[in-house]
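J.: got a sequence here, can you build the structure:
(2 chains)
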Amino acid sequence: MQLKNMIRKGIRGGLLPVLLALATAAQAAVSVQVLDTTGQPVPNAVVYAEPAGGAVLAKTPRQVEIEQKSKTFIPLVTVVQTGTPILFPNHDNVRHHVYSFSPAKTFELKLYSGVPGSPVVFDKAGTVVLGCNIHDEMVAYVQVVNTPFFGVTDRSGSVKLEGLGNGKYTLKAWYFTMGPNEAAVEQPLQVQGEGRASIKLNVKAVPL
Amino acid sequence: MVRLYRLESKIVALFITLLVVVQLAGFVAIRTAIDRNARASISEELAVGERVFVRQLDQNAQKLTQGARLLASDFGFRQAIGTDDRETIASVLSNHGARIGASMAMLIGSDGLIRASTLEYPDTDLQRSSLELVRKAGNGNGASENAVVGDRLFQIVAVPIKAPVTIAWVVMGFPIDHQLVNDMRELSSLQVSILVSQRGGAAWSADVSTLAAPAASMLLKEVGQPAMRSGGLVDLQIDGNQYRARLLPLAQASNGQQAVAVLQRSVSEAVAPYQRLQLILLSITVLGVLGAAVASAVLARRITSPLRDLADVAKRLGEGDYSEGLFIRRQDEIGRLGNAFETMRLEIASRELKISRLAYQDQLTGLPNRVQFADLLRDAIAEAARTPGASCYILMMDLDRFQQVNDVLGHSFGDDLLREVAQRLSAQLLHPGAKLSRLGGDEFAILLPGVDQDGAVEQALQILRALEQPLSLHQQTVDLGAGIGISGYPTHGQSSDVLLSHAEVAMYIAKRKGSGLVIYDPAIDQSSQESLSLLSELRRALERDEFILYLQPKLALGSGQVVGAEALVRWIHPEKGFIGPDNFIPFAETTGFIRMLTLWMMEQVARLSEQLQQQGVQLKFSVNLSTRDLLDQELPSAFAAILQRHRLQPAALCLEITESAIMDDPARAQNTLERLSNMGFALSIDDFGTGYSSLAYLKRLPVDELKIDKSFVMKMAQDQDDAKIVRSTVDLGHNLGLRVVAEGVESEEVWFLLRQMGCDQGQGYFMGKPMPVQRFLEWREQWRAPDMLDQSENVAV
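T.: Have a look, this model is predicted:
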């Protein structure tokens, strides 16, 4: 009866994925969907889960690339774990001057073409806004997080967070249109095997 | 109102009035249109000006925005902001702000806080405006607006600083300066002022203006209370110039301060070109009026001056002066009128000439007639009167025997004769100024101006000598002769009438005396004066019935019966008593009064005859006719009227005419006698045997009776010759088929002798004298004829 009630409540209150997750094994993946104020799925939203209690989950991060092509940063939104080196290969035939004045990572790659010799290591959590000094319209966002469980929502606004063990987490969601000082939206996440979650953001989804 | 009596003034006044009215109407219409157009164009200009000014402000703001944006995109500046390097930020703001002319610049973070400012203590209004502007800009590329800061109007712009997302805003403020309004003035010819209301909103202060300082301060007063003015059109009066202005609200501060732009256009400047146009129109009007005045005056003169000339000519014509004409060489109506006038003048002149010729000239001889002669005489008298001692004379002559010539040889011959005489007379004139004239009939007169009596006599003798020569005409030789009367000024009279009548009197005397010439003598005139009074007395006598009808019986000698009576007239003068016919009948005959007397007699006789006929008494009354009566063409009809009135037949009367009366003008006499005879009157020749009538002539007359003159009858008992004449006359009469009457039977002896001779009727004292009607009637009752048988045998011839 209690289960039944919980299921019913979960369905109603969005707890159902959690319950489902709880029902699965320890190493599970959680599917999270991000919706905007109108209930539309939000693509390119950063979703990450931080274990409750602040336990640091060490994981050697892999190098990530944000390329410049057709005077555009690709991808627009990148999420990395702290300490992740990001390479900025220039695939255009014009030079770019990549910079960031963001406190999380201030750097500058002065006019260059091709692939720079070394990547930039993002070692501080926070939002880093990237621009090109000679192409004002070029912009890219790098969300640096302290957890290995993260992802960027796809076209349907969904992302699957993999490798979460059962336990309590804080599920956070961030969208690039949010203000520079605006904190990510967070909600508690109880992982119990495979699960699903949904986060509502106070933003307006920008279509891809 | 001045009344215009001259055609010229009327025409000119009409032309000018018309033109002025038309021009005035046009002027008013144009003026109204110009005024409306000017105002509309000012309004339009102001509306355009407002759009231009707004655009200019906008462009200015964009220029400023561009500048600010250039600053905002500076990498170093952005780096300083990104790294929150406040010192650097402040110095960049001041440096770059000054570079683009901003009087203040500040950096506002994306959190809405002022991070840096060139002003040490930014105005709160400015802060609020800046933040509002940033909010207004939102995610956009920047915004601008007008703001009141202090007492000045600023354009403030806000541009985002992107790295590459917006990390902050730069706000810069630029005071609106003279450059802007001067540019506006050059673009639009509008005066531009920026007014800012003072704190508390009581009055305006001028920020910048294209107006000179005094005018700008007047403008402040004119615009009035800031609260009242929010926009729209207003009329302003500045320094005596009228302006139309548009108020354009530019900014409204939260403390109630506001800023407006005043765009003003000088009305006088706007209408200046139109005023020039109006001035030109006015000049055209004035010139037109002057031109029309001159043209209409010329036109009017062209019409009226010939009219005036024609009026003058007409006036002269009226005065009888036909000498001067008027030639108007024009083809129009005036010309035709002039030609008509000219034709009229010539026609009238020629007609007058003809008339005066008829009036003043004798048609037969071409000599002056009596009227002209009288005029000439008057002139000559006047001329003589001017010179002391001068005189002028006239001769008046009458041809002898002309009447007989006329009767015997015919009127045509008589006319030719008169023409010949005229020629001969004119050839005899001795004095150069002498004028020959035919007064009428065979009467001629000669005027001798400036000639004395001796000269006149000499001239008269010359003429008489000339007339002694017989005149040959148409194979006939005629003996001429004349009686000439002479009178002269001033000896015989002062006026032409007097001279003429005196000359005439003298002429008659001359003719009567057969003495050739007679100079007038006042003694002659005495008798003519008496004659004159006699004539008036005769007239009065007729009016007062002083004449009395007398009858002398006519008896048939054979039977002794009273067959009729001769009607005679007697005059009982109220003062002089009984006047015998010998004392007034000849005078009545010469003056023509006899005609009235004849009619009176006829009337009396007819009345009596009517009375007697009603009593059954048949008597044939005889009435005497004179020469004058025979010449009177009206006589037969007058007689007919009298007979008709008394219901009498003409046969009841006998008309007696003396032989000499007939012979005075035999043709006329015969004509009248034939008419009377045809009417039925019995005609009798009176005093037969004393005249010169030819038997041939007598034979032609329609006569019924001969009356043997009493001079033969009275003494026939004693004088054998007379008895023979009487006897042969009786025989002659009977042979011609006429009744023979003897007058002057004064004795029984004569009675019997006549009876024996076969004379039909007798008349004389033996039977009865002429007596009044009543006595005659009584006498007729008593009359007893002598016993014929006893006496007839005693008398033997």
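
J.: nearest residue to the residue in chain A that chain B sits nearest to other than its sequence neighbours?
T.: The nearest approach of chain A to chain B comes at residue A:101, 2.1 Å away (C-beta to the nearest C-beta). Using the backbone N, CA and C atoms, a C-beta is placed for each residue, glycine as well. Closest residue to residue A:101 apart from its sequence neighbours, by C-beta to C-beta, 6 or more residues apart in numbering or on different chains: residue B:82 at 2.1 Å.

J.: and that neighbour, how many neighbours?
T.: 21 (other C-beta atoms under 10 Å in any protein chain shown).

J.: I figured it was touching residue B:163, is that so?
T.: Yes: under the criterion of C-beta atoms under 8 Å, residue B:82 is in contact with residue B:163, at a separation of 5.4 Å.

J.: picking up where we left off before, report the contact partners of the residue nearest to residue A:101.
T.: A:100, A:101, A:102, A:106, B:163, B:167 (C-beta atoms under 8 Å, 6 or more residues apart in numbering or on different chains).

J.: quick one: buried ones out of these?
T.: With burial judged by 16 or more other C-beta atoms under 10 Å in any protein chain shown, the buried subset of the contacts of residue B:82 is A:100, A:101, A:102, B:163, B:167.

J.: check the secondary structure at residue A:190 for me.
T.: Assigned with DSSP: H, G, I helix; E, B strand; the rest coil, residue A:190 falls in the strand class.

J.: check what pLDDT it gets.
T.: pLDDT recorded at residue A:190 is 88.

J.: residues in a beta bridge with it, which ones?
T.: residue A:168 (DSSP bridges).

J.: do I have it right that it meets residue A:165?
T.: No: with contacts counted by C-beta under 8 Å, residue A:190 stays clear of residue A:165, the gap being 11.9 Å.

J.: between the two, which is the more surrounded one?
T.: More crowded of residue A:190 and residue A:165, by other C-beta under 10 Å: residue A:190, with 17 against 14.

J.: what's the neighbour count on the nearest residue to residue B:699 once chain neighbours are set aside?
T.: Closest residue to residue B:699 apart from its sequence neighbours, by C-beta to C-beta, 6+ apart: residue B:736 at 6.6 Å. Other residues near residue B:736 come to 14 when the count uses other C-beta under 10 Å.

J.: residue B:736 and residue B:755: what is the separation?
T.: Distance, residue B:736 to residue B:755, by C-beta to C-beta, to the nearest Å: 21 Å.

J.: shaky segments in the chain?
T.: Because you didn't say which chain, this covers chain A. Scanning chain A for pLDDT under 70 picks out the ranges A:1-26, A:54-59.

J.: that's the wrong chain, I wanted chain B
T.: Along chain B, the model assigns pLDDT under 70 to residues B:1-4, B:122, B:200-202, B:224-231, B:512-515, B:524-533, B:591, B:664, B:691-694, B:787-797.

J.: where's residue B:397, which helix or strand?
T.: Assigned by DSSP states H and E, residue B:397 belongs to strand B:392-399.

J.: and that strand, which residues are buried?
T.: Here strand B:392-399 shows B:392, B:393, B:394, B:395, B:396, B:397, B:398, B:399 as buried, counting by 16+ other C-beta under 10 Å.

J.: for stretch B:287-304, same thing?
T.: The neighbour-count check on stretch B:287-304 (16+ other C-beta under 10 Å) flags B:288, B:289, B:292, B:296, B:297, B:300, B:303, B:304 as buried.

J.: closest to residue B:64 among the buried ones among the contacts of residue B:82?
T.: For those, the residue nearest residue B:64 by C-beta to C-beta is residue B:167; the value is 21.3 Å.

J.: element containing that closest one, please.
T.: Secondary structure (DSSP H and E) places residue B:167 in strand B:166-175.

J.: give me the residues contacting whichever helix or strand comes after that strand.
T.: Per DSSP H and E, the first helix or strand lying C-terminal to strand B:166-175 is helix B:178-188. Helix B:178-188 is contacted by residues B:45, B:48-49, B:52-53, B:56-57, B:60, B:190-194, B:208-210, B:263 when judged by C-beta under 8 Å, 6+ apart.

J.: just the CA trace of helix B:178-188, in PDB.
T.: C-alpha atoms of helix B:178-188 as PDB (Å, rounded to 0.1, in the frame of the first residue of the first chain):
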ATOM      1  CA  HIS B 178      24.900  75.900 -29.600                       C
ATOM      2  CA  GLN B 179      26.300  73.800 -32.300                       C
ATOM      3  CA  LEU B 180      23.100  71.800 -32.500                       C
ATOM      4  CA  VAL B 181      20.700  74.700 -32.500                       C
ATOM      5  CA  ASN B 182      22.900  76.600 -35.000                       C
ATOM      6  CA  ASP B 183      22.900  73.600 -37.300                       C
ATOM      7  CA  MET B 184      19.100  73.600 -37.000                       C
ATOM      8  CA  ARG B 185      18.900  77.200 -37.800                       C
ATOM      9  CA  GLU B 186      21.000  76.800 -40.900                       C
ATOM     10  CA  LEU B 187      18.900  73.800 -42.000                       C
ATOM     11  CA  SER B 188      15.500  75.300 -41.500                       C
END
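
J.: next, the buried residues of that helix.
T.: Going by neighbour count (16+ other C-beta under 10 Å), the buried part of helix B:178-188 is B:180, B:181, B:183, B:184, B:185, B:188.

J.: stretch B:754-774 now?
T.: Buried, per 16+ other C-beta under 10 Å, within stretch B:754-774: B:754-757, B:759-764, B:766-768, B:770-771, B:773.

J.: flag every buried residue along stretch A:165-177.
T.: Neighbour counts over stretch A:165-177 (16+ other C-beta under 10 Å) mark A:166, A:169, A:170, A:171, A:172, A:173, A:174, A:175, A:176, A:177 as buried.

J.: you'd agree the third one is in a helix?
T.: This means residue A:170. No: according to three-state DSSP, residue A:170 belongs to no helix; its state is strand.

J.: hang on, it packs against residue A:188?
T.: Yes: in this structure residue A:170 lies within contact range of residue A:188 using C-beta under 8 Å: 6.2 Å.

J.: which neighbours do those two have in common?
T.: In contact with both residue A:170 and residue A:188: residue A:52, using C-beta under 8 Å, 6+ apart.

J.: sec struct for residue B:745, please.
T.: Assignment for residue B:745 (three-state DSSP): coil.

J.: please tell me how far the nearest residue to it once chain neighbours are set aside sits from chain A.
T.: Spatially, and ignoring its direct neighbours in sequence, residue B:745 is nearest to residue B:764 (3.1 Å; C-beta to C-beta, 6+ apart). According to C-beta to the nearest C-beta, to the nearest Å, residue B:764 and chain A sit 185 Å apart.
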